[in-house]
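Colleague: let's see this in three dimensions:
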Amino acid sequence: MYITSLQNFVGVINPSGGQLIKSIPVGQLPSSLALDPSNGNIYVVNQGSNNISVISTQTQSVKYSISVGANPYGDA
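Modeller: Numbers count the residues shown, from 1 in each chain. Predicted coordinates:
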């Protein structure tokens, strides 16, 4: 399970116990995320840094970021 944090990371959560397993640094003010099941990537909207972080679920790390317009909001 993945969650966004206003501390500029995406948390990997153990769904059975609720513990934080890993923190993945992303841009400023991550507000939402979306999973693409076709490639296993998670797309994270970073409102404060005006970009989208692309996270690989295999490596649990940011692959790259995509610049977007000012103050992006909503699902990636």
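Colleague: would you mind measuring from the residue nearest the centre of the chain to residue 24?
Modeller: The centroid of the chain falls nearest to residue 44 when counting by C-alpha atoms, centre = their mean (3.6 Å). The gap separating residue 44 from residue 24 is 9 Å, by C-beta to C-beta, to the nearest Å. (C-beta placed from N, C-alpha, C; glycine too.)
Colleague: which residues do the two both contact?
Modeller: 10, 55 (C-beta atoms under 8 Å, 6 or more residues apart in numbering).
Colleague: before we move on, back to that, hey, what's the residue nearest to the centre of the chain bridged with?
Modeller: For residue 44, the beta-bridge partners are residue 33, residue 53 (DSSP bridges).
Colleague: gap between it and residue 25?
Modeller: From residue 44 over to residue 25 (counting by C-beta to C-beta), the distance is 11 Å.
Colleague: how about residue 19?
Modeller: Residue 19 is 19 Å from residue 25, by C-beta to C-beta.
Colleague: rewinding a little: for the residue nearest to the centre of the chain, which residues are in contact?
Modeller: 4, 10, 26, 27, 30, 32, 33, 52, 53, 54, 55, 76.
Colleague: which among those count as buried?
Modeller: Among the contacts of residue 44, those classed as buried by 16 or more other C-beta atoms under 10 Å are 4, 10, 26, 27, 30, 33, 52, 53, 54, 55, 76.
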